[in-house]
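Asks: A predicted structure for the sequence below; I have some questions about it.
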Amino acid sequence: MPTLNINGKDTAVNADESTPILWALRDTLGMTGTKFGCGAALCGACTVHLNGAAIRSCITPISAAAGQKITTIEAVASDKVGKAVQDAWVKHDVAQCGYCQSGQVMSATALLKSNAKPSDADIDGAMAGNICRCGTYVRIRAAIKDAAQALA
């Protein structure tokens, strides 16, 4: 039985090592904040952090996370950058249906951790793999800029 470090806690996962992280989180561990969207790493709804980098958990097997740190939407606010992003999301009323938002927040947090003052092009590049069916992209960009200012 593989053990994964999820949100700072070593957790035994009763799943085959080829199981995608998404399904280990959702089905095995009951952590449903990370969403299933497309299953092909095209929409970004399943984004989590692996050692701080945004990855698509729907295609990443749990074997790839052995000895590394997974952070999910459930714990992103425990970090000052993640908290600033979530606060900006609320302030800018980003979410409409909300389905993609956990992935959006995770990608935005990874961006701001690696680039404290992102340009519009940086934001577009970091968020390009996250699809919002409701089209809240203008609010997403504004929230990212607001979070960057709050952290400055």
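Replies: Looks like it arrived, so ask away.

Asks: for residue 110, helix, strand, or coil?
Replies: Assigned by DSSP: H, G, I helix; E, B strand; the rest coil, the conformation of residue 110 is helix.

Asks: contacts only, for it.
Replies: 49, 52, 53, 54, 126 (CB atoms under 8 Å, 6 or more residues apart in numbering). Backbone N, C-alpha and C define where each C-beta goes, glycine included.

Asks: could you chop this protein up by domain?
Replies: 3-71, 76-151 (automatic domain parsing).

Asks: in this structure, what residue spans correspond to strands?
Replies: Along the chain, the segments classed as strands by DSSP state E run 3-6, 9-12, 47-50, 53-56, 69-71.

Asks: off-centre distance for the fourth one?
Replies: Distance, stretch centre to chain centre, for strand 53-56: 7 Å (CA atoms, centre = their mean, to the nearest Å).

Asks: which residues touch that strand?
Replies: 21, 41, 44, 46-49, 106-107, 110-111, 126, 129.

Asks: any idea of the mean pLDDT in that strand?
Replies: The pLDDT scores in strand 53-56 average 98.

Asks: give me the sheet partners of it and which way each runs.
Replies: The pairing partners recorded for strand 53-56 under DSSP bridges are strand 47-50 (antiparallel).

Asks: could I get the buried residue list for the strand it pairs with?
Replies: For strand 47-50, a neighbour-count test (16 or more other CB atoms under 10 Å) marks 47, 48, 49, 50 as buried.

Asks: now, which of those residues sits nearest residue 64?
Replies: residue 50 (7.6 Å; CB to CB).

Asks: where's that closest one relative to residue 82, distance?
Replies: 15 Å (CB to CB, to the nearest Å).

Asks: give me the neighbour count for residue 152.
Replies: 7 (other CB atoms under 10 Å).

Asks: pull the contacting residues for it.
Replies: By CB under 8 Å, 6+ apart, residue 152 lies in contact with 116, 117.
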